[in-house]
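Q: the following comprises the amino acid sequence and a computationally predicted model.
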Amino acid sequence: MTKHSPQKTFLITGVSSGFGRAFATAALNDGHTVIGTVRNETAQKAFADMHEKAHAILLDITQFDAIGPAIDAAQSNIGPIDVLVNNAGYGHEGILEESPLEELIAQFNANVFGAVAMIKAILPAMRQRRSGHIINITSMGGFITMPGISYYCGSKFALEGISETLASEVAPFGIHVTAIAPGSFRTDWAGRSMVRTRRSITDYDSLFDPIRDARNQKNGHQAGNPAKAAQALLHIIGLPNPPVHLLLGEDALDLVRTKMARLDDELSQWEDITRSTAFDIA
């Protein structure tokens, strides 16, 4: 993955840390211009000081009405956006029965609706230019599930489906869409960025407590390297036919392949019932 694309202008949401910072750093080092969203003035200054081609804008992607004006101003002042990377979001950990509905709404606001609002703000200009690449950072949790992260997986399943559908809608305009689904990487996802619902129902203790403990112990020791994920992102934006779905990490690949094989077995097991639901032919 050493081939680099011509210089582009990126807009990356959530560049203060984690994947967003890794993506921005790699793009800047490769000669690209990066507009990064941050949520406070301290982060804005820190990002702008990184590089002469780094431009930070104050924007909370859950403030939907602010997105359009912010994007218009950025493109007017800096230039057309060639690559949108919807990275901002967070993880939610909690048993569904215990987790308030308000936490699900907040999770979708950040992980789904904010990303879609960003796409809708940028897409008209990409369509008019007949070029562009939209990259949505999803998760292996958009393919596989595990107890205790139903809200998170729901949001990532949604973004995977939206990404795939959008890819078919904008392909005639020369616009690419890629959903990048990382496995376990050394970011803040399982640490300070994670929202955790307070435990309250003891019936779930034996199921969920070991999962939560294992996640806490693994945090900071994950196999995935964000800098290498950033190089993968730079590689695909230079391809004439980039993937619609891209898994990152051996754990993601293994778990998704296992899920697909299990799903295929289940489809075969219940195939007779599946096929039994049509009207009888007279």
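A: Thanks, I have it. Numbers count the residues shown, from 1 in each chain.
Q: any idea how far the nearest residue to Gln222 once chain neighbours are set aside lies from Lys218?
A: Nearest non-adjacent residue to Gln222, counting by Cβ to Cβ, 6 or more residues apart in numbering: Ser184, 4.0 Å away. From N, CA and C alone the C-beta is placed, and that goes for glycine too. Going from Ser184 to Lys218 by Cβ to Cβ, to the nearest Å gives 7 Å.
Q: now do the contacts for the residue nearest to Gln222.
A: 218, 222-224, 249, 251 (Cβ atoms under 8 Å, 6 or more residues apart in numbering).
Q: switch to 6 Å and redo it
A: Counting by Cβ atoms under 6 Å, 6 or more residues apart in numbering, Ser184 makes contact with 222, 224, 251.
Q: again with Ala22
A: By Cβ under 6 Å, 6+ apart, the contact list for Ala22 reads 226-227, 230.
Q: pLDDT score assigned to the nearest residue to it once chain neighbours are set aside?
A: Nearest non-adjacent residue to Ala22, counting by Cβ to Cβ, 6+ apart: Pro226, 3.7 Å away. In this model, Pro226 is scored at 93, pLDDT.
Q: try Gly141
A: On the pLDDT scale, Gly141 is placed at 95.
Q: which residues of this protein score low on pLDDT?
A: 1-5, 188-191, 220-221 (pLDDT under 70).
Q: sketch out the strands for it, chain order is fine.
A: Ranges of strands within the chain are 9-13, 33-38, 54-58, 83-86, 91-93, 132-137, 175-182, 194-196, 245-248, based on DSSP state E.
Q: tell me which other helices or strands the last one touches.
A: Translated: strand 245-248. strand 175-182 (3 or more Cβ pairs under 6 Å, 6 or more residues apart in numbering; DSSP states H and E).
Q: may I have the strand it packs on exported as PDB, CA atoms only?
A: Extracted in PDB, the C-alpha atoms of strand 175-182 (Å, rounded to 0.1, in the frame of the first residue of the first chain):
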ATOM      1  CA  ILE A 175     -18.800   9.100  -6.500                       C
ATOM      2  CA  HIS A 176     -17.500   6.300  -4.400                       C
ATOM      3  CA  VAL A 177     -18.900   5.200  -1.000                       C
ATOM      4  CA  THR A 178     -16.900   2.900   1.300                       C
ATOM      5  CA  ALA A 179     -18.000   1.600   4.700                       C
ATOM      6  CA  ILE A 180     -14.800   0.800   6.700                       C
ATOM      7  CA  ALA A 181     -15.500  -1.600   9.500                       C
ATOM      8  CA  PRO A 182     -12.600  -1.900  12.000                       C
END
